[in-house]
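Colleague: Next one to model:
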Amino acid sequence: MAREALELHTNGQNEEALACAIVLARANPDSALALNLVGSLHVHASSMAWNDRAPDDDEAASALESSHHRAALDAFSAAARIAPNCVMTGVFHAEALAADQRFADAMLELFRVLSTTANHADPADLTAMINNDVVPIKAAKLLREDATVDQVRARAKLLSETYPYSVRAQLLRVHIELGQVRALDVGFRRKGLLRGILALISDAAGKFNSSLLIALFHAKVLFALDNFDESERECRRALLIEEPTDPNLDDIPPAVYVPGADYESRVSSVKKQLRILLKRIIVVAAVCWSSIKTTQHGERVDRVISVRVDTLQEHYDGIDQSAAKTISDVVRFLKNQSSWSFLVCPNTSCHGKKFLDTESLWVHMRKKHRDVLWDKLQSVLGSYLYGNTSKDDDHPLDAITLRQDSDQHDIFHLSMVQPMFESLLLSPSIGIQAEPLAEMRQRKCREGAEIIADIKKKLRMLPKDELSIEGLCFAIQDLWLKFLKTSALDHREVILPLARSFQWIQMKNSIALSANDLGRFIGGADIDIMFGTSGQSVKEMASTSSCQRSLNVFNKINADKDLSILSLVIQSLCNLRHFRDNFLTEPLVWIPSADNVCIAQKFYEIFTSWEKNDYHLTDVVLTYMKTLLCGVDCTIFSEKVGTDFASEIVATILIGLHMSETCSQETDKHVVNPITCGDCICPTHNLFGTKFYAHMSCECGKCSGEYLYTALFHKLDAGSPRTTKIKSFAELPVLLDEQFCKDNKCKDCESLLNIDLLLSNTPHFFTIVLNWLGVSENQDTLSEVLAGIMSPVETGFFCKSADSSTMYTVTSMVRPQQNVLFS
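Modeller: Just a heads-up that it's a prediction; the model follows:
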């Protein structure tokens, strides 16, 4: 009869199946199997009672549901009495108790099973079994069943309360709750729900402190609520877990899935997302701070750029008393000596003894550490003996000064915040690190001793090699100057990182307060970022639908046509996944500064403004981007407003990115012609660089040749009469750069050389710019051609190629000002 009941249940005859099971149980009152069958069918019937209820029949459905719950509990209780050592029976009984809101009894039942089993099962084994076997089955059922949102939330809550020791049960509830937040249209209501979810995930993070997935969700919820400081702390805590739980034991496929064939790859996958979030925190904070400085003034800004010494000491006194003592000692030294710096004796017996100038150090070395070579060294050095060890002008350490505020409190003033962001971006997983003063003195003492040993070695060589005396003297002088610089300890090297670290905390807190004051709502992208644990990347989820919605709204409310077209072009680049991932996840190629701004960094900020649905910020950053592009080409927005406007913007952006990646702070910028930039290997050229063999000849027959050149895009004339007959882009005339044409005229007849192009590489993105005069007949033909390349086509479709087998398809397209640009 048990098989008959199961077959009836499988065929959807639920009432008949339950009736059959009840008959079986009555005939076999001592069978735990029959009672478990009855209990399981009653549990199913309780769900059906509510799901199949008639309209306006909630009260009757609720009563029937409760009746089935009680019947299930009675059946499982009887089964547990008959088979007290059966683990699964005990689990079913505990679940029925939990469904009846008797959570304490449910926990006692589970512990009873553990204490009475004949094999004395390990509690960890039962916990693992529930987490790995029971919860996934129930989670899968909950995620796929047809139920109302409130029902799903209630059942997820019940599951998490029934199994408080299951990571999966807690994570499932958080995931379900986030889905509810996502469904809300009103932003300010999302914040209230997110605060409730934060309480849940914070509790889970405390219980399961070795779970990377819990930590990741915890950090993301904190980030969405603008609590950047706590989010950053949680990311770093998780990255320091020595033996994290296998994410495969915590995830809930397909809702929350971590890819990876083995433990190491799965851990690496989650840690990568933690690092991405850390970088996102820094970039978003930089953008928010820029907005705060522009729109707000007074105490909130001053609290960040001016740090009171006593507040800084109090902060470190609670976490690092040696750092607090260092701050006190440095301030005292500065006030007494009117200097940040001193020199360290290289002899270890002096334990880093301080000297205020070179002369006092030299006198000390001659008296306390006598050596026959000192006289020879003095004669070789001459005027170099008391070399200048002061720092150069505009040294990075000048970023901090000691002042007094209006109430005569000592303050460290740090008006330049850009270096702080640079330091954080260099090592987002570690943050700003300060070398302890004692360790710095020991290091300088050790390094100074090594240099003195080299000086003595060369001094001993002087009498033996008269021909090389001059060269040795120069070498000794250089070593001595190196020794003085190495031995000089500037207290700001210690204080600046300590102050910067505290400044970063103050800034994050200030941003959180400002966001709260301004009533910032939770946008769709804030929620989307928390669903990035499956195969789809965080970057992809945050930069597709949500960014597109934000962009659409921005273009509706913005009257500046230049910015609208610029935003469309940037969106077309944002759609290129590999390009987007490079700029969102890879380290910056160089560290930008206020005088040498990186256009790539502006992409971070634009993506961030879209994700935050901050239209004012979008306008500010796009306007700044427009200014930067004008710095590359001053005529781009003022003159080039014709049919090739979009292509000019793309060209200028790519050139600007190329300049950002190939120039450093020490190198002057130079505008790079996209045609003649040669064998550049910067990331922009790796993605967009198209290399051609150019075969040139002249009608006069006196000029010919062949050479390789690189372009960032391929511009074609789609406005010629032949456009109406084309079947591929390879048939269209190539529009060559004006400067390129000037440089490639025949020296004899001064006419333009005939140039035939052959593609020599297979670029990651093949960027085509089509120019046409807007003739409707041409556009109709062009539309037909474009429709034909929505699926992959060979390279030979786009141009003559040495390798036509590589397949390309349209990835992104933009059509402002009668232009079509796609990659």
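Colleague: The helix or strand containing Arg26: which residues count as buried?
Modeller: Using DSSP states H and E, Arg26 sits in helix 14-27. Buried residues in helix 14-27, defined by neighbour count with 16 or more other C-beta atoms under 10 Å: Ala17, Leu18, Cys20, Ala21, Ile22, Leu24, Ala25. For the C-beta atoms, the positions are set from N, CA and C on the backbone; glycine is no exception.
Colleague: residue nearest the centroid of this structure?
Modeller: Ile276 (2.4 Å; C-alpha atoms, centre = their mean).
Colleague: What about the nearest residue to Met107 once chain neighbours are set aside, how many residues nearby?
Modeller: Spatial nearest neighbour of Met107, excluding adjacent residues (C-beta to C-beta, 6 or more residues apart in numbering): Ala94 at 7.5 Å. As a burial measure, Ala94 scores 26 neighbours (other C-beta atoms under 10 Å).
Colleague: Let me know whether Ala94 touches Ala104 as I believe.
Modeller: No - using C-beta atoms under 8 Å, Ala94 makes no contact with Ala104, being 11.0 Å away.
Colleague: Could you tell me the end-to-end distance of stretch 382-399?
Modeller: For stretch 382-399, the first-to-last residue distance is 35 Å (C-alpha to C-alpha, to the nearest Å).
Colleague: can you tell me which residues contact the closest residue to Lys353 other than its chain neighbours?
Modeller: Leaving aside its chain neighbours, Lys353 sits nearest to Cys345 (4.6 Å; criterion: C-beta to C-beta, 6+ apart). Under the criterion of C-beta atoms under 8 Å, 6 or more residues apart in numbering, the neighbours of Cys345 are Gly352, Lys353, Phe355, Leu361, His364, Met365, His369, Cys445, Gly448, Ser487.
Colleague: Buried subset of those as a PyMOL selection?
Modeller: Only the buried entries of these go into this PyMOL selection, using 16+ other C-beta under 10 Å:
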select buried, resi 352+353+355+361+364+365+445+448+487
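Colleague: where's the residue lying closest to Thr348 once chain neighbours are set aside relative to Ser423, distance?
Modeller: In space, Thr348 comes closest to Cys445 once its chain neighbours are excluded; the distance is 6.3 Å by C-beta to C-beta, 6+ apart. To Ser423, Cys445 is 26 Å away according to C-beta to C-beta, to the nearest Å.
Colleague: next one: Ile292
Modeller: Distance, Ile292 to Ser423, using C-beta to C-beta: 20 Å.
Colleague: got it, and Asp150?
Modeller: 48 Å.
Colleague: before we move on, what about Leu33?
Modeller: The value you get for Leu33 to Ser423, if C-beta to C-beta is used, is 66 Å.
Colleague: For these two, indicate the residue with more neighbours.
Modeller: Between Leu33 and Ser423, counted using other C-beta under 10 Å, the more crowded position is Ser423 (22 against 16).
Colleague: Verify the contact between the more buried one and Gln503 for me.
Modeller: No - counting by C-beta under 8 Å, Ser423 does not reach Gln503; the two are 10.9 Å apart.
Colleague: A helix includes the residue nearest to the centre of the chain, no?
Modeller: Yes - assessed by DSSP: H, G, I helix; E, B strand; the rest coil, Ile276 belongs to a helix.
Colleague: Let me know the distance separating it from Ala694.
Modeller: The value you get for Ile276 to Ala694, if C-beta to C-beta is used, is 41 Å.
Colleague: go on, Arg446?
Modeller: 58 Å.
Colleague: Between the two, which is the more surrounded one?
Modeller: Higher neighbour count among Arg446 and Ala694: Ala694, with 19 against 14, using other C-beta under 10 Å.
Colleague: can you give me phi and psi for the more buried one?
Modeller: Phi and psi for Ala694, reported as degrees, to the nearest 10, are phi -100, psi 110.
Colleague: Ok, Ile241 next?
Modeller: Torsion angles, degrees, to the nearest 10, at Ile241: phi -60, psi 120.
Colleague: surely it meets Phe208?
Modeller: No - using C-beta under 8 Å, Ile241 is not in contact with Phe208, being 10.9 Å away.
Colleague: out of those two, which sits in the busier spot?
Modeller: Between Ile241 and Phe208, counted using other C-beta under 10 Å, Phe208 has the larger neighbour count: 19 against 15.
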